[in-house]
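> Fold the following and give me the result.
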Amino acid sequence: MITAVWRSTTGWEDPELRPYGNLSLAPTASVLHYATECFEGMKMYRGFDGKLRLFRPDANCKRMLMSSARIALPGFDPKELEKLIIAMIAIDGPKWLPKPGTFLYLRPTMIGSAAVCSFYYWHLFQNLSNTTRYGLLTFT
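The predicted structure follows:
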């Protein structure tokens, strides 16, 4: 999974590609009280020619930016998000889609993770990209 943290004082930190794992959130995280989160959904396919493909990742990444702006979350450059997703699937894709004709559901997500129970005081966000096997709810 990929994580990137945004802080009001420094902006986005460098994204980190790491193994899937739990997130640590304070009980007062804004995502838990005000639903400050947005996500996109896209599919990755392994074609019968063996190549991995994403379906319209540029459109999904642009929608992610529009969604985050609508709910006052910080914007993440759509082209950079697409590059991160491509980097992640280059590593995880072969593991999760070893056979031609299979697909995987990708879920880039942004959450308000500030440990402050206040709608108007945003200072920490996380941008995540997770993968699930479509219909099985298995995460990597």
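> so where is the protein shaky, pLDDT-wise?
The chain contains residues with pLDDT under 70 at 117-140.
> Counting neighbours, which bits of the helix ranked longest in the chain end up buried?
Counting residues, the longest helix found in the chain (DSSP state H) is helix 78-96. For helix 78-96, the neighbour count (16 or more other CB atoms under 10 Å) marks P78, L81, E82, L84, I85, M88, I89, D92, G93, W96 as buried. Placement of C-beta: from N, CA and C, glycine included.
> again, but for stretch 40-53
Neighbour-count burial for stretch 40-53 [16+ other CB under 10 Å]: E40, M42, M44, Y45, R46, L52.
> T109: which of these is nearest?
Using CB to CB, the shortest approach to T109 within those belongs to E40, at 8.0 Å.
> right, and that closest one touches C61 too?
Yes: with contact defined as CB atoms under 8 Å, E40 reaches C61; the gap is 7.3 Å.
> Overlap in contacts, those two.
Counting by CB atoms under 8 Å, 6 or more residues apart in numbering, the shared contacts of E40 and C61 are P108.
> now for the longest strand seen in the chain, which elements pack on it?
In the chain, taking DSSP state E as the definition, the longest strand is strand 102-112. The contact analysis (3 or more CB pairs under 8 Å, 6 or more residues apart in numbering; DSSP states H and E) places strand 102-112 against helix 30-34, strand 37-39, strand 42-46, helix 57-70, helix 78-96, strand 124-132.
> could you dump those to a markdown table with distance to S24?
Below are the helices and strands packed on strand 102-112 laid out as a markdown table (distance: least, CB to CB, whole Å):
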| stretch | distance to S24 |
| --- | --- |
| helix 30-34 | 13 |
| strand 37-39 | 16 |
| strand 42-46 | 27 |
| helix 57-70 | 22 |
| helix 78-96 | 21 |
| strand 124-132 | 10 |
